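A.B. asks: Compute the structure for the input listed below.
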Amino acid sequence: MTDVLHAAPWLLPLVALLAAGLVAGFAAGIFGIGGGFIVVPALVIVMPLLGGDRSEYTHVAIATSAATIIVTSIRSTMSHARRGAVEFEVLRTWGPWLIGGSFLGGLLASHTNGKVLTIIFGCGVLAMSVFFIFRRLSERVLTDQMPRGLLRAGIAGGLGLFSSLLGIGGGTIAITTMTLCGRTIHRAIATAAGVGTLIAVPSALSYLVFGMGHKGLPWGSLGYVNLPAAVAVSSMSVLTAPLGVAAAHNLPSSPLKRIFGVYLIAIGAWTIWKTTKM
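C.D. replies: Coordinates of the predicted model:
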């Protein structure tokens, strides 16, 4: 009985992280995102139970989210690739700029105040909600060619930096770019899953390295990455990512996109409101 009482305070955060992993995996598969919009808020909520300095919670949440996206996005990409939907040429040509931008984003975030980083996340989430709510933005076509040269470097590098700051996979911006360039939504979602991998790996590594030696980090943290939380989320996301992929190829995504867009508005507003209480 005593052991159960001692374990009770950990049951709620564990269940929350497992649930976040299930939802994040499905969202990653169906929308081509990394799941950070779901994982980061869940981590911010449970961080106080892991101890540490409150000012470091946002850094740890974003860094840990990036680590979970590595697993989730690889699983999603593999599932999409089996259906022949991933454009690996896009991943190859965008890769260096995505990686460079992501590493720079991790460096910038490590020198950014936690409160400011929280505001950046909230504003970024609100901005991304527009894509999911307004259908016309995801259906417009401007050209049949993907960006090249300096334009590609600017978009991919900026995408990596922005996504690293938010702890997300960058799928929303990648999908928008690809659909504007004439790719079908299914191919855009599939390729965006691979973009998440290219962003998440350098992001997580940079947060891990730049967080080394920081005092006040929650229990179980390696650098800014909290390993127990990352394992809990990833163990569930790998189960539901293929289900999301199947749904993406077989179900109309418009209603789900709008629902997810409303969720993003709520999360963005809640995050900004929470910052005023810090």
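A.B. asks: my guess is residue 182 contacts residue 143, does it?
C.D. replies: Yes - applying C-beta atoms under 8 Å, one finds residue 182 in contact with residue 143, separated by 6.6 Å. C-beta: built from backbone N, CA, C; applies to glycine.
A.B. asks: who has more neighbours, these two?
C.D. replies: residue 182 (14 against 9; other C-beta atoms under 10 Å).
A.B. asks: Can you tell me the SS state at the more buried one?
C.D. replies: When classified by DSSP: H, G, I helix; E, B strand; the rest coil, residue 182 comes out as coil.
A.B. asks: buried set for stretch 174-193?
C.D. replies: For stretch 174-193, burial by neighbour count (16 or more other C-beta atoms under 10 Å) applies to 174-181, 183, 185, 187-193.
A.B. asks: so where do the strands sit in this protein?
C.D. replies: Applying DSSP state E to the chain gives strands spanning 221-222, 225-226.
A.B. asks: so how far is the last one off the chain centroid?
C.D. replies: Average the C-alpha atoms of strand 225-226, do the same for its chain, and the two points are 15 Å apart (C-alpha atoms, centre = their mean, to the nearest Å).
A.B. asks: partners of that strand in the sheet?
C.D. replies: According to DSSP bridges, strand 225-226 forms sheet pairs with strand 221-222 (antiparallel).
A.B. asks: List the contacts of the strand it pairs with.
C.D. replies: By C-beta atoms under 8 Å, 6 or more residues apart in numbering, the surrounding residues in contact with strand 221-222 are 52, 60, 208, 211, 227.
A.B. asks: Among these, name the buried ones.
C.D. replies: Those of these that meet the buried threshold are 52, 60, 208, 211, by 16+ other C-beta under 10 Å.
A.B. asks: residues touching the third one, list them.
C.D. replies: Going back to what we said before, that points to residue 208. 63, 67, 222-225 are the contacts of residue 208 under C-beta under 8 Å, 6+ apart.
A.B. asks: Please spell out the ChimeraX selection for the buried subset of these.
C.D. replies: Applying 16+ other C-beta under 10 Å to the contacts of residue 208, the buried members can be selected in ChimeraX as follows:
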select :63,67,223,224,225
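A.B. asks: what residues are up against the residue lying closest to residue 22 once chain neighbours are set aside?
C.D. replies: Distances taken as C-beta to C-beta, 6 or more residues apart in numbering place residue 236 nearest to residue 22, at 4.6 Å, with adjacent residues excluded. Residue 236 makes contact with 18-22, 24-25 under the criterion C-beta under 8 Å, 6+ apart.
A.B. asks: rerun at 10 Å
C.D. replies: Shown in contact with residue 236 (C-beta atoms under 10 Å, 6 or more residues apart in numbering): 17-26, 68, 72.
A.B. asks: for residue 186, same thing?
C.D. replies: Counting by C-beta under 10 Å, 6+ apart, residue 186 has contacts 32, 80, 83, 85, 248-249, 253.
A.B. asks: Now do residue 106: how many residues are near it, please.
C.D. replies: Neighbour count for residue 106, taken as other C-beta under 10 Å: 29.
A.B. asks: measure it to residue 166 for me?
C.D. replies: 12 Å (C-beta to C-beta, to the nearest Å).
A.B. asks: Run a quick check on residue 196 versus residue 29, I expect a contact.
C.D. replies: No - between residue 196 and residue 29 there is no contact under C-beta atoms under 10 Å: 11.1 Å.
A.B. asks: shared neighbours of the two, anything?
C.D. replies: Contacts common to residue 196 and residue 29, judged by C-beta under 10 Å, 6+ apart, are 35, 72-73, 76-77.
A.B. asks: Make a markdown table out of those and add distance to residue 267, neighbour count and pLDDT.
C.D. replies: Conversion of those to a markdown table gives the following (distance: C-beta to C-beta, whole Å; neighbours: other C-beta atoms under 10 Å; pLDDT from 0 to 100):
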| residue | distance to residue 267 | neighbour count | pLDDT |
| --- | --- | --- | --- |
| 35 | 13 | 35 | 80 |
| 72 | 18 | 35 | 89 |
| 73 | 20 | 31 | 91 |
| 76 | 21 | 40 | 88 |
| 77 | 25 | 28 | 90 |
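A.B. asks: What about those, which are in helices?
C.D. replies: 72-73, 76-77 (DSSP state H).
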